[in-house]
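# return atomic coordinates for the entry below.
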Amino acid sequence: MKIVPLFFLGVVTALANPTPRTLPLYAEAWAGSSVNVLANQSSTLITEGNFQYAAFYAADTHLVLARRALNEEKWETRKTDYTGNVADAHNTVSIAVDGAGYLHVAWNHHANALKYARSKEPGSLELGPQTAMTGLLESSVTYPMFFRQPDGGLLFLYRDGRSGKGNVVLNHYNPQTREWRQVHENLIDGEGARSAYLAATIDPQGTFHLAWNWRDSGDVASNHDLCYAKSADGGQSWTTSNGTPLKLPITAATAEYALRIPQNSTLMNPPSLTTDATGHPFIATYWAPTGTTVPQFHLVRYDGTQWSVAAITQRTQSFALQGTATKHPPISRGVILTRQSARDATEAYLVYRDDKRGGRIILAACDNLAFPVWHEQELTTDSVGAWEPSVDAAQWKLFGQIHLLVQTVQQQDGNDSKPADIPQSPISTLIWKVSTE
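Alright, predicted model coming up:
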């Protein structure tokens, strides 16, 4: 493996890009935990066709759905009859729109029965009754994730089991028959000794990519290693980065390791994953390299031949991730984005929150990864509390815009049952357009 020296490559300067703008969405959203704005575990802000959709919990715990036309700035909202255990930040919402225009929603999961419904009509925010998908392995669901396929079908990933002892289930939805089927009951096998914390994406060619770290117990300190797999046939068969077939289920012994990282490295779960236009994967997360207690964000990438790793940040604050339940570390998880510039250079962007920077949202940007100089910009002037980024992938792909759900929230460290004493705050969308210069 090619190892780039683990230091910040370049000088931190402000980016010469426009100030982000915000669109108000909902005045009284739940704010006593980070459940509405938790990174890399759900699709809470998506674009399909001429509309953008959002999902979150109101202060009274009811699930709220929202929609706006892309040529308008006003959001239409609908409070549903469904509720969630909002004190537990694991119980995030995931949404998708299928090829027939129906909205699909999964919500309120932390090792409990599946909560799933779809809209009564195409384009509608009115949900039908809660229903099963396949009826198989739906009693202990966590981290539900929808993904829209190029043909209009949907893929649905989730963990069956619990932290440290869980397997990955994959379902497929056919919009013509309006039926779900189970593709794999055990795609990634924790073997009763560990579980995979997943990130996933579908590239422009329709290839499905997965990246994950292993965790061997409920303690976040047991996180280790970064693994990778991809599928060119809708999740049926899987290979390594170089196309070598993987025997299913994937286990710790058979997985491809993009990077080995030992336990007790303050490795954050799950990683963030994206690809470039050719389908090469980029994985980002933070950990403290061996010999230091200062975690840094790193970019792990595959160039078609080999994996490499390089540091993105040059932070100086030491901290350790350890213990169970939802944590509130001084930096959030990050979201990584890439695109090809007009000069055919690969650009990369990382969005995260940093408490040492006043709790503001930070954008780190590199305009050419062949010469990796990273610059930083603060996207907010005030603290967003325990906020984490969840980005609208379609807005980035189609328009080169970063769209984020933004809400000032609090999260009690290591607690999934006692909310912070701020029951509500406004939620909005933040929009930042990358300069084309």
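
# sec struct for residue 356, please.
helix (DSSP: H, G, I helix; E, B strand; the rest coil).

# can you give me the strands in the stretch 301-437 of the chain?
In the stretch 301-437 of the chain, the strands defined using DSSP state E, counting those that start in this stretch lie at 307-311, 335-340, 346-354, 360-366, 374-378, 401-407, 424-433.

# typo on my end, it should be the stretch 1-150 of the chain
Going by DSSP E, counting those that start in this stretch, the stretch 1-150 of the chain shows strands at 2-3, 21-30, 45-48, 51-57, 62-69, 76-83, 93-97, 103-107, 116-118, 141-148.

# neighbours of residue 382, how many?
10 (other Cβ atoms under 10 Å). All C-beta atoms are positioned from the backbone trio N, CA, C, and that covers glycine.

# could you find the closest non-adjacent residue to it?
With Cβ to Cβ, 6 or more residues apart in numbering as the criterion, residue 382 has its nearest non-adjacent residue at 7.1 Å, and that residue is residue 360.

# residue 412: which of the strands of the stretch 1-150 of the chain is closest?
In terms of Cβ to Cβ, the element of those nearest to residue 412 is strand 21-30, at 13.9 Å.

# so which elements touch the closest one?
strand 51-57, strand 62-69, strand 401-407, strand 424-433 (3 or more Cβ pairs under 8 Å, 6 or more residues apart in numbering; DSSP states H and E).

# try 7 Å this time
strand 51-57, strand 62-69, strand 424-433 (3 or more Cβ pairs under 7 Å, 6 or more residues apart in numbering; DSSP states H and E).

# I'd like to know the average pLDDT value across the second one.
For strand 62-69, mean pLDDT is 98.

# mind listing what's buried in that strand?
Burial within strand 62-69, assessed by neighbour count using 16 or more other Cβ atoms under 10 Å, is assigned to 63-68.

# kindly report the same for the last one.
Of the residues in strand 424-433, those buried by neighbour count under the rule 16+ other Cβ under 10 Å are 424-425, 427-432.

# now, which of those sits nearest residue 383?
residue 425 (11.6 Å).

# list the contacts for the residue nearest to residue 421 when sequence neighbours are not counted?
In space, and not counting its chain neighbours, residue 421 is closest to residue 32: 7.3 Å by Cβ to Cβ, 6+ apart. Residue 32 makes contacts with 86-87, 410, 419-420, 422-423, as judged by Cβ atoms under 7 Å, 6 or more residues apart in numbering.

# again with residue 266
287-288, 295, 319-321.

# narrow these to those that are buried.
Buried, going by 16+ other Cβ under 10 Å: 287-288, 295, 321, out of those.

# make CSV out of these and add distance to residue 171 and secondary structure.
Putting these into CSV (distance: Cβ to Cβ, whole Å; DSSP: H, G, I helix; E, B strand; the rest coil) gives the following:
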residue, distance to residue 171, secondary structure
287, 31, strand
288, 36, coil
295, 35, coil
321, 31, coil
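
# and these as JSON lines, adding pLDDT and distance to residue 302?
Supplementary listing: those in JSON lines, determined by pLDDT from 0 to 100; distance: Cβ to Cβ, whole Å:
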{"residue": "287", "pLDDT": "98", "distance to residue 302": "18"}
{"residue": "288", "pLDDT": "98", "distance to residue 302": "23"}
{"residue": "295", "pLDDT": "98", "distance to residue 302": "23"}
{"residue": "321", "pLDDT": "97", "distance to residue 302": "26"}
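
# burial measure for residue 336, as a count.
Using other Cβ under 10 Å: residue 336 sits among 26 other residues.

# ok, what's across the strand from it?
Residue 336 has these beta-bridge partners by DSSP bridges: residue 350.

# contact partners for it?
Contacts of residue 336 by Cβ under 7 Å, 6+ apart are 272, 274, 282, 284, 299, 348, 350.

# now for these: which two are most distant?
272 and 348 (11.3 Å).

# of the two, give the one with the bigger neighbour count.
Looking at residue 272 and residue 348 with other Cβ under 10 Å, you find the greater number of neighbours at residue 272, namely 26 against 23.

# how about low-confidence regions in the stretch 201-350 of the chain?
Within the stretch 201-350 of the chain, no stretch has pLDDT under 70.

# I'd like the helices and strands packed on strand 21-30 written out as JSON lines, with distance to residue 265 added.
Shown next, in JSON lines, are the helices and strands packed on strand 21-30 (distance: least, Cβ to Cβ, whole Å):
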{"stretch": "strand 51-57", "distance to residue 265": "32"}
{"stretch": "strand 62-69", "distance to residue 265": "36"}
{"stretch": "strand 424-433", "distance to residue 265": "31"}
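
# neighbours around the closest residue to residue 287 other than its chain neighbours, how many?
Closest residue in space to residue 287, ignoring its immediate chain neighbours: residue 267 at 4.1 Å, by Cβ to Cβ, 6+ apart. Per other Cβ under 10 Å, the neighbour tally for residue 267 reads 27.

# try residue 168
With other Cβ under 10 Å as criterion, residue 168 counts 25.

# what bridges to it?
Assigned bridge partners for residue 168, using DSSP bridges, are residue 159, residue 188.

# distance of it relative to residue 141?
When distance is defined by Cβ to Cβ, to the nearest Å, residue 168 is 11 Å away from residue 141.

# try residue 31
Counting by Cβ to Cβ, the gap from residue 31 to residue 141 is 25 Å.

# same check, this time on residue 127
18 Å.

# more crowded one of those two?
Neighbour totals were compared for residue 127 and residue 141, and residue 141 leads with 23 against 20 (other Cβ under 10 Å).

# what sits against the more buried one?
109, 112-114, 158, 160.

# drop anything exposed from the residues you listed.
Neighbour counting by 16+ other Cβ under 10 Å classes 109, 112, 114, 158, 160 among the contacts of residue 141 as buried.

# returning to that earlier point: right, so of the strands of the stretch 1-150 of the chain, which gets closest to residue 178?
Nearest to residue 178, of these and by Cβ to Cβ, is strand 116-118 at 8.4 Å.

# which helices and strands does that closest one pack with?
strand 103-107.

# residue ranges with poor pLDDT in the stretch 1-150 of the chain?
1-18, 40-42.

# give the contact list for residue 57.
29-30, 35-36, 63-64, 84, 86.

# ah, wrong one, I meant residue 206
Neighbours of residue 206 in contact, by Cβ under 7 Å, 6+ apart: 149-150.
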